[in-house]
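Visitor: any chance you can model this:
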Amino acid sequence: MKKSYSIPIRGVLIMCVMVLVATFTFAQGRLTGKISDSAGNGVPGVSILVKGTKTGATTDANGNYSVNAGANSTLVVSSIGFKTKEIGVGNQSSLNITMDDDASTFDEVVVTGYTVDKRRDATGAVSIVKAKDLAIRPTGNIENQLQGRVAGLTVIANGQPGSNSQVRVRGFGAFGGNEPLIVVDGVPVGSSNFLNPDDIESVTVLKDASTASIYGARAANGVIVYTTKKGKKGAKKLDVSYDGLYGVTNPGPGQAMMNPTDFATWTWNAKRNSGEAFGHPQFGSGATPVIPDYLSVGPNAGVIGSVDLAAEKLKYNVNPAAGGIYQVTKANKQGTDWYDAITREAPVQRHSIGFSGGGENSRFYVNIGLQDQKGILLTNSFKRYSMRVNTEFNILKNLRMGENLSLAFIQNLGQGGGAGGQGVAADENDILQAFRMPSIIPVYDEFGGYAGTASKGFNNPRNPVANQNGNINNRSFNGVANGNVYLELDPIPGLTLRTSLGGAYNNSYNWGYTRLQYENSENNSAFGYNEGGGFSLAWTLTNTANYKKAFGKHGIELLAGQEALNTGAGRNMNASGLNPFSTDLDYITISTLGSRNQPGSNLFRGVNFYSLFGRAIYNFNDKYMVTGVIRRDGSSRFGINSRYGVFPAVSAAWRVSSESFMKSLPWVQDL
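Guide: Numbers count the residues shown, from 1 in each chain. As a prediction, the model looks like this:
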């Protein structure tokens, strides 16, 4: 017996429609998920593109995303510092993705102070130096570590520890200052001497107008941007690191000098060649020069023969306040190595202990450092005690707050030359004195006082050992606080609003002594004392809006910002005088001096800047890139009718290696 079944036509149609709707819904379904790094932390700002379409999305502050993706479609996931991935969706409606670190890609990150971009997308002249490359040169001066690391960057150092180097990004392009602008974690600073090299994550050098003009007038000589280390959110454990170095600087043998016999012969020849009769207080007036036994015995010069030292000691005096100077100085017939007498093998050491880590909504980096470097001169040294604290916290899912703080105590002793040591070549410094001093003069006289050109016939160089020992009690220090606090808000995907308030405080003090001299042909005739100090405070307020968007083959990045700053306002004072009632250091102050010069003080208010700036970058198919930058700077240096200037720049790039005709050249990776 047959049975028959009937299904209403309307029911069949409804079932078909439901199947079609379900199929269409899945085909155009909403795919959600989270993108994390290898440690499980959400990665913000990751670009997600459905391959072959113009559909895409960007992860939020916690790494979450949502994108329209059809069944069996493929996602192209990319972000700075990670390898690009292509992942099939399949039938999934939720897909979590773990990104793999790409050291080579991270090396290509460009930090300008306002934004973080891919190096491969930069259309201007930019160079990047990583921390591992800086560590090769064992010096405490971060500027010296850049020497030889950046094409077109010239660093001229004078060898004194802690001295400022001459840094030139594009040569000498101005009659005045040619120094580049230095930016640390987004804050312009006047000097980088407070930086511990172990705190540096990377250095970016902006060399041409298209990249540097975002900083306006101050970028005329290029920009050096230092980025310090940060912790990692979601770190599973506290990371503790130690960095240390120890080394020795050998001064070398110095310049070869004439021995006493040669010096006497050349002195005699000079007289003969000029047609003069030879006569010298030390070497006599005969047909050939004679080397004396004593350069001076009281007022007598060029003494030949033995001397009753016991009797002469009773007359000995090197204190001008006690009467006339009376010295007994024996000739050093073997010759004095003056360069060796004022130099030493100079040790250098640096130690840093760092702590970094973080939770799901925070990260931190703390470092304590010590730099102790001796100079090759006896009293030249540099010390720096530093501490850095960098933190960041998620207040909300799309709101972050952070700070970068650096504290440093710097002591720089025995430094020659003005402008932080740069002017030492213009000084009559002690190394020059060592090469001017005749080798026949010993360092000390027979009774322990300093010997020198007070012995007649040797012109006017000064005993460099006495000069160095005279600096032993001089002191100076600088206390430096530098950093900023910032807020970042992501109101919509791809848009970041940031406000930052930075500052730099510098406090310094110094005092020094000028000894009463007796050993030279030209002496300081009184005991001198000087004292001074000062402070300054600079600040910077920066507000920026940065928007990044990728759609299909197109990519755009828009930056708009406002900045106001003061280069540093403060005061300096100094006082000096002569002849304290006692030369005991415990009793020497400005108020105890016998005579005082008019004290000086200086009030300075710094230079104010107000700026508006913007930048637009367009990228098509990762082949063609155009960048436009404009900045309007106003400075209090100029009158009200000519206070502002506009600084535009445009640059473009063509990535030839992405063209199809280049595929046959596998040895060309990026052109």
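Visitor: summarise which helices and strands the helix or strand in which L405 is found is packed against.
Guide: Taking DSSP states H and E as the definition, L405 sits inside strand 399-413. Packed against strand 399-413, as judged by 3 or more C-beta pairs under 8 Å, 6 or more residues apart in numbering; DSSP states H and E, are the following elements: strand 381-396, strand 475-489. For glycine as for every other residue, the C-beta is placed from the backbone atoms N, C-alpha and C.
Visitor: between the ones you listed, which gets nearest to R436?
Guide: strand 381-396 (24.7 Å; C-beta to C-beta).
Visitor: buried set for the closest one?
Guide: By 16 or more other C-beta atoms under 10 Å, the buried positions in strand 381-396 come out as S381, F382, K383, R384, S386, R388, V389, N390, T391, E392, F393, N394.
Visitor: please tell me how far the third one sits from W268.
Guide: Using C-beta to C-beta, to the nearest Å, we find K383 at a distance of 49 Å from W268.
Visitor: for the stretch 101-250 of the chain, which segments count as strands?
Guide: Under the criterion DSSP state E, counting those that start in this stretch, strands of the stretch 101-250 of the chain are mapped to 109-111, 116-118, 126-130, 154-156, 166-168, 181-184, 187-189, 200-206, 223-228, 239-249.
Visitor: contacts for the longest one, please.
Guide: Spelled out, it's strand 239-249. The contact list for strand 239-249 (C-beta atoms under 8 Å, 6 or more residues apart in numbering) reads 135, 138, 198, 231, 345-357, 374, 376.
Visitor: do the third one as well
Guide: Applying C-beta under 8 Å, 6+ apart, the set of residues contacting strand 126-130 from outside is 107-110, 119, 146, 149-153, 202-207, 211.
Visitor: show me which of these are buried.
Guide: 108-110, 119, 146, 149-150, 153, 202-207, 211.
Visitor: from memory G534 sits against N572, does it?
Guide: Yes. Counting by C-beta atoms under 8 Å, N572 is a contact partner of G534 at 3.5 Å.
Visitor: beyond the longest strand along the chain, next helix or strand please.
Guide: Longest strand in the chain by number of residues, with DSSP state E as the criterion: strand 554-580. The element immediately downstream of strand 554-580 (helix or strand, assigned by DSSP H and E) is strand 593-596.
Visitor: coming back round to it: parallel or antiparallel, which strands does the strand holding L405 pair with?
Guide: strand 381-396 (antiparallel), strand 475-489 (antiparallel) (DSSP bridges).
Visitor: and the angle from the first one to strand 223-228?
Guide: I take that to be strand 381-396. Here the directions of strand 381-396 and strand 223-228 differ by 70 degrees (axes from the mean of the first three to the mean of the last three C-alpha atoms, to 10 degrees).
Visitor: state the helix or strand in which T496 lies.
Guide: Short version, using DSSP H and E: T496 is in strand 495-514.
Visitor: which helices and strands sit right next to the very next helix or strand once past that strand?
Guide: Using DSSP H and E, the next helix or strand after strand 495-514 towards the C-terminus is strand 528-551. On a contact count with 3+ C-beta pairs under 8 Å, 6+ apart, strand 528-551 meets strand 56-58, strand 187-189, strand 495-514, strand 554-580.
Visitor: C-alpha coordinates for strand 528-551, PDB please?
Guide: In PDB, the C-alpha atoms belonging to strand 528-551 read as follows (Å, rounded to 0.1, in the frame of the first residue of the first chain):
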ATOM      1  CA  GLY A 528      91.700  84.000  43.800                       C
ATOM      2  CA  TYR A 529      88.300  82.500  44.400                       C
ATOM      3  CA  ASN A 530      85.100  82.400  42.300                       C
ATOM      4  CA  GLU A 531      81.700  81.000  42.900                       C
ATOM      5  CA  GLY A 532      78.500  80.900  40.800                       C
ATOM      6  CA  GLY A 533      75.300  79.100  40.100                       C
ATOM      7  CA  GLY A 534      72.000  79.200  38.200                       C
ATOM      8  CA  PHE A 535      68.800  77.500  37.200                       C
ATOM      9  CA  SER A 536      66.500  77.300  34.200                       C
ATOM     10  CA  LEU A 537      63.100  75.800  33.400                       C
ATOM     11  CA  ALA A 538      61.900  75.000  29.800                       C
ATOM     12  CA  TRP A 539      58.500  73.700  28.900                       C
ATOM     13  CA  THR A 540      56.700  72.300  25.900                       C
ATOM     14  CA  LEU A 541      52.900  71.800  25.300                       C
ATOM     15  CA  THR A 542      52.000  69.700  22.300                       C
ATOM     16  CA  ASN A 543      48.600  68.600  21.000                       C
ATOM     17  CA  THR A 544      48.200  66.300  18.000                       C
ATOM     18  CA  ALA A 545      45.500  64.400  16.100                       C
ATOM     19  CA  ASN A 546      46.800  61.500  13.900                       C
ATOM     20  CA  TYR A 547      44.500  59.500  11.600                       C
ATOM     21  CA  LYS A 548      45.500  56.400   9.700                       C
ATOM     22  CA  LYS A 549      43.300  54.600   7.300                       C
ATOM     23  CA  ALA A 550      43.800  51.900   4.700                       C
ATOM     24  CA  PHE A 551      41.100  51.100   2.100                       C
END
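Visitor: quick one on the thing from earlier: from the middle of its chain, how far away would the strand holding L405 be?
Guide: 13 Å (C-alpha atoms, centre = their mean, to the nearest Å).
Visitor: pretty sure K51 contacts S73?
Guide: Yes. Assessed by C-beta under 8 Å, K51 is found in contact with S73 at 7.0 Å.
Visitor: between these two, who's got more neighbours?
Guide: Neighbour count, other C-beta atoms under 10 Å: between K51 and S73, S73 has more, with 20 against 13.
Visitor: any idea how far S93 is from the more buried one?
Guide: From S73 to S93 the distance is 12 Å (C-beta to C-beta).
Visitor: so the nearest residue in space to N332 that is not next to it in sequence, which of the three states?
Guide: Leaving aside its sequence neighbours, N332 sits nearest to P442 (C-beta to C-beta, 6 or more residues apart in numbering; 4.3 Å). Three-state call for P442 (DSSP: H, G, I helix; E, B strand; the rest coil): coil.
Visitor: how close does P442 get to D337?
Guide: For P442, the distance to D337 (C-beta to C-beta) stands at 11 Å.
Visitor: now N506
Guide: For N506, the distance to D337 equals 41 Å [C-beta to C-beta].
Visitor: which of those two has more neighbours?
Guide: Between N506 and D337, counting by other C-beta under 10 Å, N506 is the more crowded of the two (22 against 16).
Visitor: who touches that one in this structure?
Guide: By C-beta under 8 Å, 6+ apart, the neighbours of N506 are N478, G479, V480, F535, S536, L537, G568, G570.
Visitor: let's see 6 Å
Guide: Counting by C-beta atoms under 6 Å, 6 or more residues apart in numbering, N506 makes contact with V480, S536.
Visitor: can you map out the helices along the stretch 301-450 of the chain?
Guide: All helices of the stretch 301-450 of the chain, identified by DSSP state H, counting those that start in this stretch, fall at 309-313, 338-342, 430-436.
Visitor: pull the CA atoms of the last one into PDB?
Guide: Presented in PDB, the C-alpha positions along helix 430-436 are these (Å, rounded to 0.1, in the frame of the first residue of the first chain):
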ATOM      1  CA  ASP A 430      97.900  72.200  29.700                       C
ATOM      2  CA  ILE A 431      98.700  69.800  26.900                       C
ATOM      3  CA  LEU A 432      99.900  72.800  24.800                       C
ATOM      4  CA  GLN A 433     101.900  74.000  27.800                       C
ATOM      5  CA  ALA A 434     103.500  70.500  28.100                       C
ATOM      6  CA  PHE A 435     104.800  70.900  24.500                       C
ATOM      7  CA  ARG A 436     106.000  74.400  25.100                       C
END
